[in-house]
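>>> Give me a 3D structure for the following:
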Amino acid sequence: MKKWFMALMICLLFIGANHIVYAEQTMVQSTDKNGQVTTYGELVSTMKLNGEEQDLNNMPGVIVDGKVMLPRYLAFKKIMGMKISHTSNTITLKTKEHTAEFTMDSTKALVDGEEVDLAIAPFSAKFVATNENTMMLPAEDIAKIFGYEYSYDAVNQVVSFEREGGMELSYGGLSYYYKDEPIDLYVDGKEVDTAISGFFIDECDFVPAWRISKELGVKYSKSGKKITMTKGNYKVVFNLYKTNATVNGKAYTLDVAPTYIKDKENNVGAYMVPGKVVAEALGFGYEWNEEDYSSSFKKSEEYQIAIPLPEDCQDENYETNDDYFNNRFEIILDGNYSSFYKKNVVSNPYFAVDKVSVSTSSGKTKIILQASEIKGYRLKEENGILYVKVGTPKEIYDKILVLDAGHGGTDPGAAGNGIYESNCTLNIIKAAKDYFDEDDSIKVYYTRTTNTQANMTSGS
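Residues are numbered from 1 along each chain as shown. This next block holds a predicted model:
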């Protein structure tokens with residue numbers, strides 16, 4: 001009988017000892033400004049993020065006045081992926097969407113610069129087992145600030161944060177909840193199979209730099225925080241996390257900085273760059289379709305400039321003028337569309353020409369492509385966009401003819417019976433021009449079409 005009693009007592013002591021150790025390991029205390037120590041009896045042992053359980057280990061949350069308080073580092077940085085910074089009495093949580101600053105023992109917080117009220121003030125707590133101090137933050141308030149559905153299961157000591165219908169991303173190291181559809185990528189009409197899709201964020205079509213380079217046949221390299229993409233004479237250099245880039249040797253400012261984006265659920269990430277900029281800088285055709293969230297690249301035709309056309313000017317309802325004497329090409333629209341082009345800016349990010357400008361005069365709108373030398377231009381209209389390919393005349397045209405009238409201006413040439421050679425040759429040129437203007441299979445350059453001396457250079 002005594003042996004059974006002793007065995008029972010040993011078992012009870014063993015169980016009790018284990019219980020005491022467990023309590024010590026999870027004991028959480030706080031000390032107020034008067035030195036009063038509070039030991040918290042209600043603990044939160046598990047945190048659930050979008051259905052996935054995370055053990056809070058030796059840093060559990062606590063219940064204060066019916067509200068869940070969670071440790072800043074484990075709950076919000078390690079589990080939720082927020083960026084954290086702090087001073088002696090403040091802590092800041094930051095995601096791609098929001099920035100929230102909390103002050104110790106204050107029910108006021110700053111969210112994106114605006115003051116908000118908290119249900120309960122943050123406070124400093126000590127985990128007895130590790131002798132570690134940390135700031136405890138109000139879980140429900142943080143869920144509201146950052147757009148999560150919140151719940152607490154008191155029976156099982158589980159606090160839950162849920163966001164449905166989107167993707168949890170890491171955007172340049174910041175937590176980001178992406179609510180739109182991922183971007184589907186196409187090259188020459190064929191969908192690109194990628195481990196991580198593109199994303200439309202901040203009005204920017206981000207595409208995975210390495211993957212799209214491979215599909216386009218572009219040379220890709222990364223050194224430090226620089227990504228370089230090269231195709232022939234075209235080159236674009238992106239600086240990660242910065243908006244300054246270099247396009248074909250010239251400085252260019254991006255609307256949104258290239259960054260690293262990670263799909264947390266599938267644990268895959270990539271360096272992302274603006275798809276439209278890549279296409280324009282390297283001379284590819286490009287189309288963004290907002291309806292089905294797709295980015296389409298075209299290798300077959302390398303159109304570098306995209307000009308939106310007003311509805312009345314579509315279907316080739318415009319004129320063109322190759323003013324090669326002044327190294328410029330004009331697209332002429334019938335009407336004043338200055339307000340249209342203030343909203344639909346014609347950009348020249350890859351410097352295929354030196355400058356693109358829009359001017360209006362006498363009821364006409366001119367889109368002027370200004371180069372530093374004679375260029376060739378090929379046009380293609382598609383879905384309300386006029387695409388322009390720019391290159392040397394030999395690159396653009398299959399057949400080129402140069403007609404030189406000779407003389408002109410102060411040089412009349414030979415003369416007889418009141419007839420000057422310069423006028424005769426000019427009349428021949430004008431007749432030839434009328435003829436060749438009807439045949440667009442041949443590009444004809446005229447050294448002069450008026451009674452002026454020819455000024456085309458040998459380099460032309």
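>>> Which parts of the stretch 301-450 of the chain are strands?
Using DSSP state E, counting those that start in this stretch, the strands found in the stretch 301-450 of the chain span residues 305-308, 319-323, 328-334, 355-361, 364-370, 376-382, 385-391, 400-403, 415-416, 419-420, 443-446.
>>> tell me the angle the fifth one makes with strand 319-323.
Interaxial angle, strand 364-370 versus strand 319-323 (axes from the mean of the first three to the mean of the last three CA atoms, to 10 degrees): 40 degrees.
>>> Sheet partners, orientation included, of strand 364-370?
Applying DSSP bridges to the sheet, strand 364-370 is found paired with strand 328-334 (antiparallel), strand 355-361 (antiparallel).
>>> Which one of the strands of the stretch 301-450 of the chain has the poorest average confidence?
Across the strands of the stretch 301-450 of the chain, the stretch with the lowest average pLDDT is strand 415-416; it has a mean of 70.
>>> Can you classify Leu137 by secondary structure?
What DSSP: H, G, I helix; E, B strand; the rest coil gives for Leu137 is strand.
>>> Count the neighbours of the closest residue to it other than its chain neighbours for me.
Of all residues not flanking Leu137 in the chain, Pro122 sits nearest, at 5.1 Å (CB to CB, 6 or more residues apart in numbering). C-beta here means a position set from N, CA and C on the backbone, and glycine is covered the same way. By the measure other CB atoms under 10 Å, the count of residues near Pro122 is 23.
>>> So for Met69, which of the strands paired with strand 364-370 sits nearest?
With CB to CB as the criterion, Met69 lies closest to strand 355-361 of the strands paired with strand 364-370, at 57.7 Å.
>>> from the chain's centre, how far out does the closest one sit?
Using CA atoms, centre = their mean, to the nearest Å, the mean C-alpha position of strand 355-361 is found 28 Å from that of the whole chain.
>>> what angle do that strand and strand 385-391 make?
On the basis of the same axes, to 10 degrees, strand 355-361 is oriented at 130 degrees to strand 385-391.
>>> buried stuff in strand 355-361?
For strand 355-361, a neighbour-count test (16 or more other CB atoms under 10 Å) marks Val356, Val358 as buried.
>>> still on that earlier bit, mind giving me a markdown table with the strands of the stretch 301-450 of the chain and columns for distance to Ile79?
Formatted as a markdown table, the strands of the stretch 301-450 of the chain follow (distance: least, CB to CB, whole Å):
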| stretch | distance to Ile79 |
| --- | --- |
| strand 305-308 | 44 |
| strand 319-323 | 60 |
| strand 328-334 | 56 |
| strand 355-361 | 49 |
| strand 364-370 | 53 |
| strand 376-382 | 48 |
| strand 385-391 | 46 |
| strand 400-403 | 67 |
| strand 415-416 | 94 |
| strand 419-420 | 90 |
| strand 443-446 | 65 |
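>>> one step back: quick one: which of the strands paired with strand 364-370 is nearest Asp205?
Per CB to CB, nearest to Asp205 of the strands paired with strand 364-370: strand 355-361, 21.1 Å.
>>> hey, what's the nearest residue to Glu191 once chain neighbours are set aside bridged with?
Once flanking residues are discounted, Glu191 sits nearest to Asp184: 6.2 Å by CB to CB, 6+ apart. When bridges are called by DSSP bridges, Asp184 pairs up with Ser294.
>>> can you tell me how far Asp184 sits from Val207?
Look at Asp184 and Val207: by CB to CB, to the nearest Å, they are 11 Å apart.
>>> more crowded one of those two?
Val207 (27 against 16).
>>> per-residue pLDDT, the more buried one?
pLDDT for Val207: 97.
>>> so what's it bridging to?
As assigned using DSSP bridges, the partners bridged with Val207 are Val273.
>>> show me what contacts it?
Contacts for Val207 were tallied using CB atoms under 8 Å, 6 or more residues apart in numbering; they are Ile183, Leu185, Gly198, Met272, Val273, Pro274, Gly275, Val278, Ser295.
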